[in-house]
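1. Got a predicted structure plus its sequence, pasted below:
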Amino acid sequence: MWKEIGDREAGKIRPNSFSSRIKSNRISNLQLSNYKDIVSPHRGSINSLQVDLTEGRYLLSASSDASAAVYDIQKPTNYEGNGLIAKHKCLFSVDKQHERGHKYAISSAIWYPVDTGLFVTGSFDHYIKVWDTNTRQVVMNFKMPGKVYRTAMSTLATSHMLIAAGTEDVQVRLCDVASGAFAHTLSGHRDGVMTLEWSTSSEWVLITGGCDGAIRFWDIRRAGCFRVLDQSQSQLGRRPPVLDRSAANKVFSKSRSAGQSSLVKPQAPQKKHANGHPIKQTTVGRMPAKGSARQRLHPGMLSIQDRATAHYGAVTGLKVTEDGMYLLSAGSDSRIKLWDLESGYNTLVNYEMVRLQTSKPIQLAVSEDSARVFVPCMTVVKAFDVWTGKMSLAFRGHYESVNCCWFSSQDQVAMIDKFLSGLRANRFPMTWMKGTLKTRIIGVIRIYFYIDLFQISHAIYTKKFGVTEFVNPKDHDKPVQEVIAEMTDGGVDRSVECTGSINAMIAAYECVHDGWGVAVLVGVPNKDDAFKTHPVNVLNERTLKGTFFGNYKPRSDLPLVVEKYMNKELELEKFITHEVPFSEINKAFEHMLRGDGLRCVIRMDA
């Protein structure tokens, strides 16, 4: 670990390689957390889990008791065990008591990919419901012909808002959120569709797994599926170069067309008149005998007759790797298989023996670098190396069968950021998440050209806000960002700007460290201000982020803040430095102009 840090600072390894190694090491050391507890309101088995893809903050769960719940996994509801154990209770839940809730088990729950304002649930009561997160009301209903096993929405889609639904019916239905109607159906499976997954490289490609053991690929813009995976077709040897593959594809297309033409019965020569013109024949004369010829199909529907199977039994789980090049599948035959999406070949990776559920779908998860796959195996979640098939981790703790799992890459990045910030500040080994982590917090005093704000009492900030040291820009002849970079040996790990001054924003960005430094802008600048910095700062892999209102949603989050304040869990008094009666309101303006306080409260009753 320390050698890698030294290599990173010496420039021997790139920042992205360093980050990948840290992430891989952290995944290898994953274990049951003793410091975070999700308090579930469900009384039945949990069938689906998903963390929103926009903020990585809200967890959505669905249960067999016909309920769905949303949790904030970043902000604990309260703490127990002397403040060491963070408890996360659900923000809200919808169940059978809701006037438009589901009647039977909810099998699938997914977030709308681009916003947490909507989520979708599918149930055994034959309905798919679209919910408004803020009002907790159903805004759209889709009636299915049977039990809903799985729903999915494309994370890449910019041209459609389709919900793909796999049910116990043989057809896959596409529900259009924009119109509230069915877009079309996909026919090809011979039994119910238990799982489905959108491609991570194309918004038009859908992959489905049926109870008939088939995995089919669909281009939703065309009729019929364009590929059916066959477990007997395997790729031997290395993948050929791109040019060779293109040539091979041409040869394959020619041979396929030749093969199809061979299926067509050659026509008999037409009879001709004496003048040489052909004699026209009636359709009755050309009609073949019943059953003597194959039914003619649209070229896109020829794959319906393909009976190839990917598993000896139902396909219960599908997961596309993050790079969109491989597909992982699980079946009721208790086998896990890895498929090459470009060729459709079975890679023949021999995953260690597992025992999987056979009567219901399971939810697989893949790490951010696509190196590990997490598989629910009865009461244990096992992690396998995707490329070798060897089991690397086993997560135990559940007493009953595990149905689903989810890998949150956003939380992983947040943990790495915190870990690196503590590492950079102290340069000695420390215990992670044991209460002994210490960092340097540097306060930069904002200076107006006619006011020196450094006269504010340092004791107020050090005791109440945890600031360990201050920097007064007026004490230095160089920009404050250069001063901070010298103090911290190249820059800080994170900086937060809260003033709204464009110069402070630029300084906050330019004082972070190359490679992993992150600057967060909170203040609102003037509408005519322009953020100017050298492009090299971007090329050096510094990160710039911004947020309005701290990502708080006024309708859903502010009541929680008020509730915390009323319960004495949130201390707002430390931000109040002055109180004046209404008759002395001019003093409040003087405090604001002098900048000698944070917040001033005006008492209306005085």
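-> Received it, and whenever you're ready, just let me know what you need. Residues are numbered from 1 along each chain as shown.
2. Please count neighbours and contacts with C-alpha atoms only from this point.
-> Will do.
3. pLDDT on stretch 509-527, on average?
-> Stretch 509-527 shows a mean pLDDT of 85.
4. buried ones in it?
-> Neighbour counts over stretch 509-527 (16 or more other Cα atoms under 10 Å) mark 509-525 as buried.
5. Also stretch 173-183?
-> Within stretch 173-183, the residues that count as buried by 16+ other Cα under 10 Å are 173-177, 182.
6. Residue ranges in the stretch 401-550 of the chain under the pLDDT threshold?
-> Along the stretch 401-550 of the chain, the model assigns pLDDT under 70 to residues 410-467, 549-550.
7. Could you pull out the strands in it for me?
-> Under the criterion DSSP state E, counting those that start in this stretch, strands of the stretch 401-550 of the chain are mapped to 442-444, 469-471, 494-497, 518-521, 543-546.
8. for the ones you listed, which one sits closest to G166?
-> strand 543-546 (38.4 Å; Cα to Cα).
9. That closest one pairs with which strands?
-> Sheet pairing of strand 543-546 (DSSP bridges) gives strand 518-521 (parallel).
10. one step back: I'd like the list of the buried residues of stretch 173-183 that fall within strands, please.
-> Members of those lying in strands (criterion: DSSP state E): 173-176, 182.
11. Out of those residues, give me the two with the largest separation.
-> The distance between the two most remote of those (Cα to Cα) is 9.7 Å, for R173 and D176.
12. Give me the common contacts of those two.
-> Shared contacts of R173 and D176, defined by Cα atoms under 8 Å, 6 or more residues apart in numbering, comprise 182-183.
13. And the helices in the protein?
-> Secondary structure of the chain (DSSP state H): helices at 2-10, 15-28, 242-263, 283-286, 409-426, 458-464, 480-487, 502-510, 535-539, 558-566, 585-594.
14. Closest to V193 out of the ones in strands among the buried residues of stretch 173-183?
-> R173 (10.3 Å).
15. ok, what's across the strand from the closest one?
-> Beta-bridge partners of R173, as defined by DSSP bridges: A165, T185.
16. Surely it and G188 touch.
-> No: between R173 and G188 there is no contact under Cα atoms under 8 Å: 11.9 Å.
17. Do a quick rundown of the strands in the stretch 101-250 of the chain.
-> According to DSSP E, counting those that start in this stretch, the stretch 101-250 of the chain carries its strands in the segments 106-111, 118-123, 127-132, 137-143, 148-153, 162-167, 172-176, 181-186, 193-198, 205-210, 215-219, 225-228.
18. Now tabulate these in TSV and tack on mean pLDDT.
-> Formatted as TSV, the strands of the stretch 101-250 of the chain follow (pLDDT from 0 to 100):
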stretch	mean pLDDT
strand 106-111	94
strand 118-123	95
strand 127-132	95
strand 137-143	94
strand 148-153	95
strand 162-167	95
strand 172-176	94
strand 181-186	89
strand 193-198	94
strand 205-210	95
strand 215-219	94
strand 225-228	90
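19. could you dump the ones you listed to TSV with distance to V562?
-> Formatted as TSV, those follow (distance: least, Cα to Cα, whole Å):
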stretch	distance to V562
strand 106-111	27
strand 118-123	25
strand 127-132	23
strand 137-143	24
strand 148-153	35
strand 162-167	37
strand 172-176	38
strand 181-186	41
strand 193-198	41
strand 205-210	45
strand 215-219	49
strand 225-228	54
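20. and the nearest residue to I576 once chain neighbours are set aside, how many neighbours does it have?
-> Distance criterion Cα to Cα, 6 or more residues apart in numbering; nearest residue to I576, sequence neighbours excluded, is R599 at 4.8 Å. The tally of other residues near R599 (other Cα atoms under 10 Å) stands at 17.
21. count of residues packed around S28?
-> 13.
22. And for D37?
-> Burial measure for D37: 16 neighbouring residues, criterion other Cα under 10 Å.
23. Quick check, it in contact with L84.
-> No: D37 sits out of contact with L84 when judged by Cα under 8 Å, with a separation of 10.8 Å.
24. Show me the domain layout of this protein.
-> 440-539, 573-603 (automatic domain parsing).
25. want to throw those domains into CSV with distance to V94?
-> Shown next, in CSV, are those (distance: least, Cα to Cα, whole Å):
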stretch, distance to V94
domain 440-539, 34
domain 573-603, 36
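26. out of those, nearest to D115?
-> Of all the domains of the chain, domain 440-539 sits nearest to D115, with 21.0 Å by Cα to Cα.
27. What about G324, how many residues nearby?
-> Counted by other Cα under 10 Å, the residues lying close to G324 total 17.
28. who's in contact with it?
-> Residues near G324 by Cα under 8 Å, 6+ apart: 199-201, 341.
29. if we go to 7 Å?
-> By Cα atoms under 7 Å, 6 or more residues apart in numbering, the residues touching G324 are 199-201.
30. now it: how far from A152?
-> Separation of G324 from A152 (Cα to Cα, to the nearest Å) stands at 16 Å.
31. R14 now?
-> For R14, the distance to A152 (Cα to Cα) stands at 36 Å.
32. These two - which one has more neighbours?
-> Comparing R14 with A152 by other Cα under 10 Å, the one with more neighbours is A152, at 25 against 13.
33. Can you give me the pLDDT of the closest residue in space to T388 that isn't next to it in sequence?
-> Spatial nearest neighbour of T388, excluding adjacent residues (Cα to Cα, 6+ apart): V349 at 6.3 Å. V349 is assigned 91 on the pLDDT scale.
34. my read: M378 touches K360, true?
-> No: using Cα atoms under 7 Å, M378 is not in contact with K360, being 11.8 Å away.
35. Near H126, how many other residues are there?
-> H126 has 19 nearby residues by other Cα under 10 Å.
36. same deal with Y326?
-> The tally of other residues near Y326 (other Cα under 10 Å) stands at 22.
37. so it bridges to which residues?
-> Going by DSSP bridges, Y326 is paired in beta bridges with D340.
38. so how far is T200 from it?
-> Look at Y326 and T200: by Cα to Cα, they are 10 Å apart.
39. anything in contact with each of those two?
-> Residues within reach of Y326 and of T200 at once, by Cα under 7 Å, 6+ apart, are V320.
40. How about the contacts made by P113?
-> Neighbours of P113 in contact, by Cα under 7 Å, 6+ apart: 53, 155.
41. partners of M391 in the sheet?
-> Beta-bridge partners for M391, by DSSP bridges, are F384.
42. Next, count neighbours for it.
-> Residues lying near M391 (other Cα under 10 Å) number 18.
43. And L327, by the same measure?
-> Neighbours of L327 under the rule other Cα under 10 Å: 20.
44. So the nearest residue to it once chain neighbours are set aside versus I207, what's the distance?
-> Nearest-residue entry for L327: V320, 4.5 Å, with adjacent residues in sequence omitted and distances by Cα to Cα, 6+ apart. Between V320 and I207 the computed distance is 9 Å (Cα to Cα).
45. Also P559?
-> Separation of P559 from I207 (Cα to Cα): 42 Å.
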